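Novice: sequence unknown, structure follows:
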(Lines give C-alpha, C1' and ligand atoms only; values in the text may rest on other atoms or scores of the structure.)
Protein backbone atom coordinates (compact mmCIF):
# COMPACT_ATOMS: atom_id res chain seq x y z
CA UNK A 1 0.00 0.00 0.00
CA UNK A 2 1.34 3.41 -0.97
CA UNK A 3 1.92 5.81 1.88
CA UNK A 4 0.13 9.04 0.89
CA UNK A 5 2.51 11.04 3.06
CA UNK A 6 5.66 9.73 1.40
CA UNK A 7 7.55 12.38 -0.56
CA UNK A 8 6.98 12.49 -4.30
CA UNK A 9 9.75 10.84 -6.25
CA UNK A 10 11.04 13.18 -8.93
CA UNK A 11 12.83 11.86 -12.02
CA UNK A 12 15.89 13.86 -12.97
CA UNK A 13 18.21 14.30 -15.95
CA UNK A 14 21.58 15.97 -15.30
CA UNK A 15 20.22 16.84 -11.86
CA UNK A 16 17.24 18.69 -13.36
CA UNK A 17 13.57 17.93 -12.74
CA UNK A 18 12.54 15.86 -15.78
CA UNK A 19 9.02 17.34 -15.80
CA UNK A 20 10.37 20.87 -15.99
CA UNK A 21 12.93 19.88 -18.63
CA UNK A 22 10.28 18.22 -20.81
CA UNK A 23 7.94 21.20 -20.44
CA UNK A 24 10.70 23.62 -21.41
CA UNK A 25 11.89 21.60 -24.38
CA UNK A 26 8.40 20.86 -25.67
CA UNK A 27 7.45 24.54 -25.75
CA UNK A 28 10.89 25.65 -26.88
CA UNK A 29 10.93 23.04 -29.64
CA UNK A 30 7.69 24.50 -30.97
CA UNK A 31 9.12 28.01 -30.69
CA UNK A 32 12.28 26.98 -32.52
CA UNK A 33 10.35 25.29 -35.32
CA UNK A 34 8.20 28.40 -35.79
CA UNK A 35 11.20 30.75 -35.57
CA UNK A 36 13.34 28.77 -37.97
CA UNK A 37 10.48 28.28 -40.38
CA UNK A 38 9.82 32.00 -40.25
CA UNK A 39 13.50 32.72 -40.91
CA UNK A 40 13.45 30.45 -43.97
CA UNK A 41 10.26 32.09 -45.22
CA UNK A 42 11.79 35.55 -44.84
CA UNK A 43 14.99 34.44 -46.59
CA UNK A 44 13.04 33.01 -49.52
CA UNK A 45 10.79 36.08 -49.81
CA UNK A 46 13.61 38.63 -49.60
CA UNK A 47 16.25 36.75 -51.61
CA UNK A 48 20.00 36.78 -50.82
CA UNK A 49 20.55 40.51 -51.38
CA UNK A 50 17.77 41.88 -49.16
CA UNK A 51 18.26 39.03 -46.68
CA UNK A 52 21.87 40.16 -46.21
CA UNK A 53 20.52 43.61 -45.20
CA UNK A 54 17.98 41.97 -42.88
CA UNK A 55 20.71 39.80 -41.30
CA UNK A 56 22.98 42.81 -40.79
CA UNK A 57 20.10 44.65 -39.11
CA UNK A 58 19.57 41.62 -36.86
CA UNK A 59 23.23 41.76 -35.85
CA UNK A 60 22.95 45.46 -35.01
CA UNK A 61 19.75 44.72 -33.09
CA UNK A 62 21.48 41.98 -31.09
CA UNK A 63 24.07 44.55 -29.95
CA UNK A 64 21.33 47.04 -28.99
CA UNK A 65 19.57 44.26 -27.07
CA UNK A 66 22.72 43.64 -25.02
CA UNK A 67 22.92 47.36 -24.20
CA UNK A 68 19.25 47.32 -23.17
CA UNK A 69 19.79 44.19 -21.09
CA UNK A 70 23.08 45.25 -19.46
CA UNK A 71 23.30 41.97 -17.55
CA UNK A 72 19.89 42.32 -15.88
CA UNK A 73 18.56 39.13 -17.48
CA UNK A 74 21.18 36.97 -15.76
CA UNK A 75 20.94 38.92 -12.50
CA UNK A 76 17.15 38.56 -12.33
CA UNK A 77 17.29 34.78 -12.68
CA UNK A 78 20.32 34.39 -10.43
CA UNK A 79 18.88 36.38 -7.54
CA UNK A 80 15.37 34.98 -8.00
CA UNK A 81 16.78 31.43 -7.88
CA UNK A 82 18.99 31.92 -4.84
CA UNK A 83 19.79 35.36 -3.46
CA UNK A 84 23.36 35.78 -2.29
CA UNK A 85 24.25 37.42 1.01
CA UNK A 86 25.09 40.55 -0.92
CA UNK A 87 21.79 40.72 -2.79
CA UNK A 88 21.06 44.38 -3.29
CA UNK A 89 17.36 44.28 -3.99
CA UNK A 90 14.42 41.89 -4.09
CA UNK A 91 13.92 40.11 -7.44
CA UNK A 92 10.80 42.20 -8.04
CA UNK A 93 12.72 45.43 -7.60
CA UNK A 94 15.48 44.18 -9.87
CA UNK A 95 12.86 43.45 -12.54
CA UNK A 96 11.56 47.01 -12.23
CA UNK A 97 15.10 48.38 -12.42
CA UNK A 98 15.70 46.30 -15.52
CA UNK A 99 12.64 47.60 -17.36
CA UNK A 100 13.51 51.20 -16.52
CA UNK A 101 17.10 50.71 -17.67
CA UNK A 102 16.00 49.08 -20.95
CA UNK A 103 13.54 51.89 -21.66
CA UNK A 104 16.08 54.65 -21.08
CA UNK A 105 18.91 52.92 -22.95
CA UNK A 106 16.70 52.02 -25.92
CA UNK A 107 15.71 55.69 -26.31
CA UNK A 108 19.26 57.01 -25.87
CA UNK A 109 20.95 54.48 -28.15
CA UNK A 110 18.42 54.95 -30.95
CA UNK A 111 18.71 58.75 -30.65
CA UNK A 112 22.51 58.53 -30.76
CA UNK A 113 22.49 56.30 -33.85
CA UNK A 114 19.90 58.46 -35.61
CA UNK A 115 22.10 61.52 -35.15
CA UNK A 116 25.11 59.71 -36.65
CA UNK A 117 23.36 57.76 -39.42
CA UNK A 118 20.62 60.16 -40.47
CA UNK A 119 19.94 58.33 -43.72
CA UNK A 120 18.94 55.20 -41.76
CA UNK A 121 16.58 56.80 -39.21
CA UNK A 122 13.58 54.59 -40.03
CA UNK A 123 15.72 51.44 -39.95
CA UNK A 124 17.25 52.38 -36.58
CA UNK A 125 13.90 53.19 -34.98
CA UNK A 126 12.33 49.94 -36.20
CA UNK A 127 15.28 47.87 -34.91
CA UNK A 128 15.24 49.69 -31.56
CA UNK A 129 11.51 49.07 -31.01
CA UNK A 130 11.90 45.42 -31.98
CA UNK A 131 14.78 44.64 -29.65
CA UNK A 132 13.33 46.67 -26.79
CA UNK A 133 10.34 44.33 -26.97
CA UNK A 134 12.67 41.32 -27.11
CA UNK A 135 14.61 42.55 -24.05
CA UNK A 136 11.51 43.11 -21.91
CA UNK A 137 10.25 39.63 -22.88
CA UNK A 138 13.57 38.12 -21.80
CA UNK A 139 13.40 39.89 -18.43
CA UNK A 140 9.99 38.39 -17.71
CA UNK A 141 11.15 34.96 -18.87
CA UNK A 142 14.17 35.15 -16.51
CA UNK A 143 11.90 36.06 -13.60
CA UNK A 144 9.63 33.07 -14.30
CA UNK A 145 12.57 30.67 -14.61
CA UNK A 146 14.12 32.02 -11.40
CA UNK A 147 10.83 31.27 -9.63
CA UNK A 148 11.03 27.69 -11.01
CA UNK A 149 7.87 28.32 -13.10
CA UNK A 150 9.35 26.50 -16.08
CA UNK A 151 6.07 25.21 -17.53
CA UNK A 152 4.53 28.67 -17.33
CA UNK A 153 7.63 30.19 -18.91
CA UNK A 154 7.53 27.66 -21.74
CA UNK A 155 3.86 28.36 -22.46
CA UNK A 156 4.52 32.09 -22.34
CA UNK A 157 7.41 31.85 -24.84
CA UNK A 158 5.29 29.76 -27.19
CA UNK A 159 2.43 32.27 -27.16
CA UNK A 160 4.87 35.16 -27.62
CA UNK A 161 6.31 33.47 -30.70
CA UNK A 162 2.87 32.76 -32.17
CA UNK A 163 1.76 36.38 -31.75
CA UNK A 164 4.97 37.85 -33.16
CA UNK A 165 5.13 35.34 -36.04
CA UNK A 166 1.58 36.14 -37.15
CA UNK A 167 2.40 39.85 -37.00
CA UNK A 168 5.52 39.36 -39.13
CA UNK A 169 3.70 37.18 -41.68
CA UNK A 170 1.04 39.87 -42.08
CA UNK A 171 3.75 42.23 -43.36
CA UNK A 172 4.31 40.03 -46.41
CA UNK A 173 0.75 40.63 -47.53
CA UNK A 174 1.89 44.15 -48.39
CA UNK A 175 2.88 44.94 -51.96
CA UNK A 176 6.45 45.91 -51.05
CA UNK A 177 7.48 44.40 -47.69
CA UNK A 178 10.68 45.80 -46.17
CA UNK A 179 12.94 44.57 -43.35
CA UNK A 180 11.95 47.66 -41.32
CA UNK A 181 8.28 46.65 -41.41
CA UNK A 182 9.23 43.17 -40.17
CA UNK A 183 11.08 44.63 -37.16
CA UNK A 184 8.22 47.01 -36.31
CA UNK A 185 5.60 44.24 -36.43
CA UNK A 186 7.82 41.99 -34.33
CA UNK A 187 8.59 44.54 -31.62
CA UNK A 188 5.12 46.10 -31.30
CA UNK A 189 3.45 42.68 -31.04
CA UNK A 190 5.82 41.67 -28.21
CA UNK A 191 5.19 44.88 -26.28
CA UNK A 192 1.40 44.65 -26.61
CA UNK A 193 1.44 41.01 -25.50
CA UNK A 194 3.54 41.75 -22.42
CA UNK A 195 1.47 44.77 -21.44
CA UNK A 196 -1.73 42.73 -21.64
CA UNK A 197 -0.62 39.32 -20.31
CA UNK A 198 2.11 40.41 -17.89
CA UNK A 199 0.76 43.72 -16.65
CA UNK A 200 2.02 42.69 -13.18
CA UNK A 201 5.59 43.16 -14.40
CA UNK A 202 4.89 46.87 -14.90
CA UNK A 203 3.08 47.39 -11.57
CA UNK A 204 6.05 46.98 -9.23
CA UNK A 205 7.38 50.05 -7.48
CA UNK A 206 9.59 51.68 -10.07
CA UNK A 207 12.89 52.67 -8.52
CA UNK A 208 15.97 53.79 -10.39
CA UNK A 209 18.88 51.30 -10.45
CA UNK A 210 21.50 52.19 -7.83
CA UNK A 211 25.26 52.54 -8.37
CA UNK A 212 25.72 49.36 -6.33
CA UNK A 213 23.56 47.49 -8.83
CA UNK A 214 25.80 48.49 -11.67
CA UNK A 215 28.92 47.24 -9.87
CA UNK A 216 27.43 43.77 -10.25
CA UNK A 217 25.90 44.39 -13.67
CA UNK A 218 28.93 45.84 -15.45
CA UNK A 219 30.87 42.52 -15.56
CA UNK A 220 27.72 40.66 -16.73
CA UNK A 221 27.12 43.26 -19.42
CA UNK A 222 30.77 43.25 -20.46
CA UNK A 223 30.71 39.49 -21.02
CA UNK A 224 27.52 39.70 -23.07
CA UNK A 225 28.70 42.58 -25.25
CA UNK A 226 32.07 40.90 -25.91
CA UNK A 227 30.40 37.65 -26.96
CA UNK A 228 27.81 39.34 -29.17
CA UNK A 229 30.37 41.62 -30.85
CA UNK A 230 32.67 38.67 -31.34
CA UNK A 231 29.89 36.51 -32.81
CA UNK A 232 28.16 39.18 -34.94
CA UNK A 233 31.05 41.38 -36.01
CA UNK A 234 31.86 39.45 -39.17
CA UNK A 235 28.42 39.93 -40.77
CA UNK A 236 28.41 43.67 -39.98
CA UNK A 237 31.99 44.06 -41.23
CA UNK A 238 31.37 42.22 -44.50
CA UNK A 239 28.31 44.36 -45.17
CA UNK A 240 30.33 47.49 -44.41
CA UNK A 241 33.15 46.51 -46.79
CA UNK A 242 30.57 46.02 -49.55
CA UNK A 243 30.72 44.17 -52.85
CA UNK A 244 29.81 40.78 -51.38
CA UNK A 245 26.04 41.08 -51.00
CA UNK A 246 25.12 37.65 -52.41
CA UNK A 247 27.93 35.91 -50.50
CA UNK A 248 26.88 37.62 -47.24
CA UNK A 249 23.29 36.47 -47.78
CA UNK A 250 24.49 32.88 -48.25
CA UNK A 251 26.84 33.09 -45.27
CA UNK A 252 24.05 34.55 -43.11
CA UNK A 253 21.71 31.74 -44.17
CA UNK A 254 24.27 29.11 -43.12
CA UNK A 255 24.91 30.93 -39.85
CA UNK A 256 21.17 30.95 -39.09
CA UNK A 257 21.17 27.14 -39.27
CA UNK A 258 24.04 26.97 -36.78
CA UNK A 259 22.33 29.48 -34.48
CA UNK A 260 19.17 27.39 -34.54
CA UNK A 261 21.04 24.37 -33.20
CA UNK A 262 22.89 26.45 -30.61
CA UNK A 263 19.55 27.85 -29.48
CA UNK A 264 18.49 24.29 -28.65
CA UNK A 265 20.61 24.65 -25.51
CA UNK A 266 18.62 27.65 -24.22
CA UNK A 267 16.04 25.77 -22.10
CA UNK A 268 18.81 23.63 -20.63
CA UNK A 269 20.96 26.70 -19.96
CA UNK A 270 18.14 28.47 -18.16
CA UNK A 271 17.54 25.52 -15.87
CA UNK A 272 21.24 24.86 -15.33
CA UNK A 273 21.83 28.42 -14.13
CA UNK A 274 19.29 27.88 -11.34
CA UNK A 275 20.77 24.44 -10.55
CA UNK A 276 24.39 25.66 -10.58
CA UNK A 277 23.41 28.56 -8.35
CA UNK A 278 21.93 26.26 -5.71
CA UNK A 279 24.76 23.71 -5.96
CA UNK A 280 27.34 26.46 -5.62
CA UNK A 281 25.98 27.42 -2.20
CA UNK A 282 24.80 24.04 -0.92
CA UNK A 283 26.84 21.21 -2.52
CA UNK A 284 30.44 20.11 -2.13
CA UNK A 285 30.37 18.27 -5.47
CA UNK A 286 29.30 21.14 -7.72
CA UNK A 287 32.64 21.07 -9.55
CA UNK A 288 32.26 17.40 -10.50
CA UNK A 289 28.62 18.02 -11.44
CA UNK A 290 29.70 20.84 -13.72
CA UNK A 291 32.25 18.69 -15.55
CA UNK A 292 29.85 15.79 -16.09
CA UNK A 293 27.36 18.16 -17.73
CA UNK A 294 30.16 19.69 -19.78
CA UNK A 295 31.26 16.30 -21.15
CA UNK A 296 27.70 15.35 -22.08
CA UNK A 297 27.19 18.69 -23.85
CA UNK A 298 30.46 18.28 -25.74
CA UNK A 299 29.49 14.81 -27.00
CA UNK A 300 26.08 16.11 -28.04
CA UNK A 301 27.74 18.99 -29.89
CA UNK A 302 30.05 16.57 -31.73
CA UNK A 303 27.11 14.45 -32.86
CA UNK A 304 25.18 17.48 -34.15
CA UNK A 305 28.29 18.86 -35.90
CA UNK A 306 28.84 15.56 -37.74
CA UNK A 307 25.21 15.36 -38.83
CA UNK A 308 25.22 18.94 -40.15
CA UNK A 309 28.66 18.74 -41.77
CA UNK A 310 27.93 15.53 -43.66
CA UNK A 311 24.59 16.82 -44.96
CA UNK A 312 25.35 20.52 -45.41
CA UNK A 313 24.36 20.89 -49.08
CA UNK A 314 21.18 18.87 -48.65
CA UNK A 315 20.13 20.91 -45.62
CA UNK A 316 20.62 24.22 -47.44
CA UNK A 317 18.77 23.07 -50.58
CA UNK A 318 15.89 21.72 -48.51
CA UNK A 319 15.55 24.82 -46.34
CA UNK A 320 16.44 27.75 -48.57
CA UNK A 321 16.28 26.51 -52.14
CA UNK A 322 18.81 26.58 -54.97
CA UNK A 323 19.21 30.37 -54.89
CA UNK A 324 21.41 29.90 -51.78
CA UNK A 325 23.81 27.60 -53.66
CA UNK A 326 26.92 28.99 -51.89
CA UNK A 327 25.58 28.41 -48.38
CA UNK A 328 26.31 24.67 -48.36
CA UNK A 329 30.07 25.23 -48.28
CA UNK A 330 29.70 27.81 -45.50
CA UNK A 331 27.46 25.48 -43.49
CA UNK A 332 30.02 22.65 -43.70
CA UNK A 333 32.76 24.96 -42.38
CA UNK A 334 30.55 26.46 -39.66
CA UNK A 335 29.17 23.10 -38.50
CA UNK A 336 32.21 22.60 -36.24
CA UNK A 337 31.30 25.83 -34.45
CA UNK A 338 28.56 23.86 -32.70
CA UNK A 339 31.00 22.02 -30.40
CA UNK A 340 32.80 24.97 -28.72
CA UNK A 341 29.60 27.07 -28.77
CA UNK A 342 27.62 24.47 -26.80
CA UNK A 343 30.48 24.02 -24.33
CA UNK A 344 30.72 27.80 -23.86
CA UNK A 345 27.00 27.91 -23.12
CA UNK A 346 27.50 25.68 -20.07
CA UNK A 347 30.72 27.43 -19.00
CA UNK A 348 29.01 30.83 -19.10
CA UNK A 349 26.12 29.66 -16.90
CA UNK A 350 28.58 28.34 -14.31
CA UNK A 351 30.47 31.63 -14.42
CA UNK A 352 27.30 33.60 -13.68
CA UNK A 353 26.16 31.17 -10.98
CA UNK A 354 29.54 31.21 -9.19
CA UNK A 355 29.96 35.01 -9.51
CA UNK A 356 33.22 34.80 -11.49
CA UNK A 357 32.13 37.36 -14.09
CA UNK A 358 35.14 39.67 -13.77
CA UNK A 359 37.68 36.93 -14.53
CA UNK A 360 35.60 35.56 -17.40
CA UNK A 361 35.20 39.04 -18.85
CA UNK A 362 38.98 39.39 -19.13
CA UNK A 363 39.07 36.17 -21.17
CA UNK A 364 36.20 37.30 -23.41
CA UNK A 365 37.72 40.75 -23.87
CA UNK A 366 41.12 39.31 -24.81
CA UNK A 367 39.53 37.04 -27.42
CA UNK A 368 37.53 39.98 -28.77
CA UNK A 369 40.63 42.19 -29.09
CA UNK A 370 42.36 39.46 -31.10
CA UNK A 371 39.32 38.54 -33.21
CA UNK A 372 38.16 41.98 -34.42
CA UNK A 373 41.34 43.18 -36.17
CA UNK A 374 42.16 39.70 -37.45
CA UNK A 375 38.69 39.36 -38.99
CA UNK A 376 39.00 42.80 -40.56
CA UNK A 377 42.38 41.99 -42.12
CA UNK A 378 41.12 38.65 -43.46
CA UNK A 379 37.92 40.16 -44.86
CA UNK A 380 39.75 43.09 -46.42
CA UNK A 381 42.36 40.84 -48.05
CA UNK A 382 40.34 37.77 -49.03
CA UNK A 383 36.68 38.67 -48.62
CA UNK A 384 34.51 36.04 -46.99
CA UNK A 385 36.74 33.07 -47.91
CA UNK A 386 38.45 32.46 -44.54
CA UNK A 387 35.86 34.04 -42.22
CA UNK A 388 34.02 30.78 -41.29
CA UNK A 389 37.32 29.01 -40.48
CA UNK A 390 38.46 31.98 -38.42
CA UNK A 391 35.17 31.96 -36.52
CA UNK A 392 35.46 28.27 -35.60
CA UNK A 393 39.11 28.61 -34.59
CA UNK A 394 38.56 31.62 -32.29
CA UNK A 395 35.47 30.06 -30.71
CA UNK A 396 37.54 26.97 -29.89
CA UNK A 397 40.32 29.08 -28.35
CA UNK A 398 37.74 31.02 -26.33
CA UNK A 399 36.22 27.75 -25.09
CA UNK A 400 39.58 26.28 -24.09
CA UNK A 401 40.85 29.36 -22.22
CA UNK A 402 37.46 29.93 -20.61
CA UNK A 403 37.33 26.34 -19.35
CA UNK A 404 40.87 26.47 -17.95
CA UNK A 405 40.16 29.79 -16.21
CA UNK A 406 36.86 28.81 -14.59
CA UNK A 407 38.24 25.39 -13.56
CA UNK A 408 41.15 27.09 -11.81
CA UNK A 409 38.83 29.52 -10.01
CA UNK A 410 36.42 26.79 -8.89
CA UNK A 411 39.18 24.50 -7.63
CA UNK A 412 40.45 27.28 -5.37
CA UNK A 413 37.10 27.39 -3.54
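Specialist: All right, it came through fine. Predicted, not measured: the structure shown is a model, and the values here were computed from it.
Novice: contacts only, for residue 69.
Specialist: 98, 102, 135, 138, 139, 221, 224 (Cβ atoms under 8 Å, 6 or more residues apart in numbering). Placement of C-beta: from N, CA and C, glycine included.
Novice: in strands, which of the residues you listed appear?
Specialist: Counting by DSSP state E, the contacts of residue 69 place none of their members in strands.
Novice: for the stretch 151-300 of the chain, which segments count as helices?
Specialist: Assigned helices in the stretch 151-300 of the chain, in chain order: 179-197, 211-241, 245-263, 266-282, 286-310 (criterion: DSSP state H, counting those that start in this stretch).
Novice: quick one, what contacts the residue nearest to the spatial centre of the chain?
Specialist: Closest residue to the average C-alpha location of the chain: residue 263 at 7.2 Å, with Cα atoms, centre = their mean. When the contact criterion is Cβ under 8 Å, 6+ apart, the partners of residue 263 are 32, 35.
Novice: before we move on, back to that, so which of the helices of the stretch 151-300 of the chain gets nearest residue 373?
Specialist: Comparing those by their distance to residue 373 (Cβ to Cβ), the top pick is helix 211-241, with 10.5 Å.
Novice: any idea how far the closest residue to residue 267 other than its chain neighbours is from residue 264?
Specialist: Setting aside the residues directly before and after it, residue 267 is nearest to residue 24 in space (Cβ to Cβ, 6 or more residues apart in numbering), at 3.7 Å. Between residue 24 and residue 264 the distance, using Cβ to Cβ, to the nearest Å, works out to 11 Å.
Novice: more neighbours: the two, which one.
Specialist: Neighbour tally, residue 24 and residue 264, criterion other Cβ atoms under 10 Å: the higher count belongs to residue 24, 23 against 18.
Novice: I figured that one was touching residue 148, is that so?
Specialist: No. Distance between residue 24 and residue 148: 11.3 Å, which falls outside the contact criterion (Cβ atoms under 8 Å).
Novice: sorry, back to before: by neighbours, which of the contacts of residue 69 wins?
Specialist: Neighbour counts for the contacts of residue 69 (other Cβ under 10 Å) peak at residue 98, which has 29 neighbours.
Novice: ok, that one - contacts?
Specialist: Here residue 98 is in contact with 69, 72, 73, 75, 76, 139 (criterion: Cβ under 8 Å, 6+ apart).
Novice: and if you look at residue 70?
Specialist: Residues in contact with residue 70 (Cβ under 8 Å, 6+ apart) are 101, 102, 105, 217, 220, 221.
Novice: got those residues as JSON lines, with pLDDT and distance to residue 230 columns?
Specialist: As requested, the contacts of residue 70 are exported to JSON lines (pLDDT from 0 to 100; distance: Cβ to Cβ, whole Å):
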{"residue": "101", "pLDDT": "88", "distance to residue 230": "23"}
{"residue": "102", "pLDDT": "91", "distance to residue 230": "23"}
{"residue": "105", "pLDDT": "92", "distance to residue 230": "21"}
{"residue": "217", "pLDDT": "80", "distance to residue 230": "20"}
{"residue": "220", "pLDDT": "79", "distance to residue 230": "16"}
{"residue": "221", "pLDDT": "82", "distance to residue 230": "15"}
